[in-house]
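Colleague: sequence and predicted model, in that order:
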Amino acid sequence: MAPILELQDVHASYGRIEVLHGVDLAVPRGAVVALLGPNGAGKTTLMKVCSGRLRAASGHVHLGGSHVNDAAPDALARAGLCTIPEGRGIFPNLTVAENLRLSGLAGRASAAEIYETAFTRFPRLAERYDQLAGSMSGGEQQMLAMARALVTDPAVLLVDELSMGLAPLIVRQLYDVLGQIAERGVTVVAVEQFADMALRVADFAAVMTHGRIVAFDEPEVIRRDLAALYLGGAAA
Ligand code: ATP
């Protein structure tokens, strides 16, 4: 089946410093892909290129078969690509309900439908309907970020460092939910510095070092080779 998201020889820079040096990645429709790699490998930069927040200097980005190199973030969002950024992207001074309603604004869902989608998946958020998002625990805030993404009914969900600042048990639960979301047909790309949890739910894993994808394979293969891949990257 044709990949839903595909990058071919993508280069990207900050000013004059090139950070992505020719990324090739094909994300199969409906798959969960873990994007692993050490600090500074370029994972977040790659997410920025995919979501239209940073323009590729050269190469090709395709979403659902369309060439989207020059598409703005809102156009990509309308095309079904949703990002949960590092730091979660929620509004800390708004309530849970307000955060959810805002994310649903672009679509046609009513407030009731938005709450139904969010609270069915995350009952904990229903109990915290009127709470300011910034006063919730880190795990609850990540649930809210995931719920906000869900109510946009995405085709592709990009998640950057789901585990950031969270206890392992919470991370495990959140990855389980990501797996359930994927079972309903959403394609997921999960950037993760800590490989174990992401590999547990992934169908495929990609490893990035020094601005390139150096491996793409099934999770067991990547799990076995990860240390060597990271070390190989460090020596490059
Ligand atoms: P981490 O796991 O630490 O988040 P990462 O793999 O996501 O790392 P990126 O955040 O994409 O890596 O960073 C790749 C490189 O680009 C790093 O050397 C970083 O310092 C640099 N970089 C990132 N953002 C910027 C920016 N806005 N301006 C200049 N350089 C940047």
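Modeller: It's in.

Colleague: okay, CA-based contacts and neighbour counts for the rest of this
Modeller: Fine.

Colleague: show me what contacts G40?
Modeller: H210 (Cα atoms under 8 Å, 6 or more residues apart in numbering).

Colleague: ok, now how distant is it from S13?
Modeller: Separation of G40 from S13 (Cα to Cα, to the nearest Å) stands at 13 Å.

Colleague: then V61?
Modeller: 15 Å.

Colleague: same check on S66?
Modeller: 23 Å.

Colleague: and the two? which has more neighbours close in?
Modeller: The neighbour comparison of S66 against S13 (other Cα atoms under 10 Å) goes to S13, with 16 against 12.

Colleague: hang on, that one packs against A57?
Modeller: Yes. Contact criterion Cα atoms under 8 Å: S13 and A57 qualify, at 6.9 Å.

Colleague: which parts of the chain are helices?
Modeller: 43-50, 73-78, 96-104, 111-121, 123-127, 138-150, 168-183, 195-201, 219-235 (DSSP state H).

Colleague: surely G52 meets D70?
Modeller: Yes. The pair formed by G52 and D70 meets the contact definition of Cα under 8 Å, at 7.4 Å.

Colleague: could you check which of these two is surrounded by more residues?
Modeller: Taking other Cα under 10 Å, G52 and D70 do not tie; G52 has more neighbours (22 against 15).

Colleague: now that one: phi and psi?
Modeller: Reported as degrees, to the nearest 10, the phi and psi values for G52 are phi 80, psi 10.

Colleague: from A12, how far out is the closest residue to it other than its chain neighbours?
Modeller: Among residues not flanking G52 along the chain, P73 sits closest, at 4.7 Å (Cα to Cα, 6 or more residues apart in numbering). Noted for P73: a distance of 16 Å to A12, by Cα to Cα.

Colleague: tell me which of these two has more neighbours.
Modeller: A direct count of neighbours by other Cα under 10 Å for P73 and A12 places A12 higher, at 25 against 19.

Colleague: can you list the low-confidence ranges for this structure?
Modeller: Residue ranges of the chain with pLDDT under 70: 1, 105-108, 233-236.

Colleague: show me which residues of it are close to the ligand?
Modeller: Counting by Cα under 6 Å from any ligand atom, the chain comes close to the ligand at Y14, V19, P38, N39, G40, A41, G42, K43, T44, T45, Q193.
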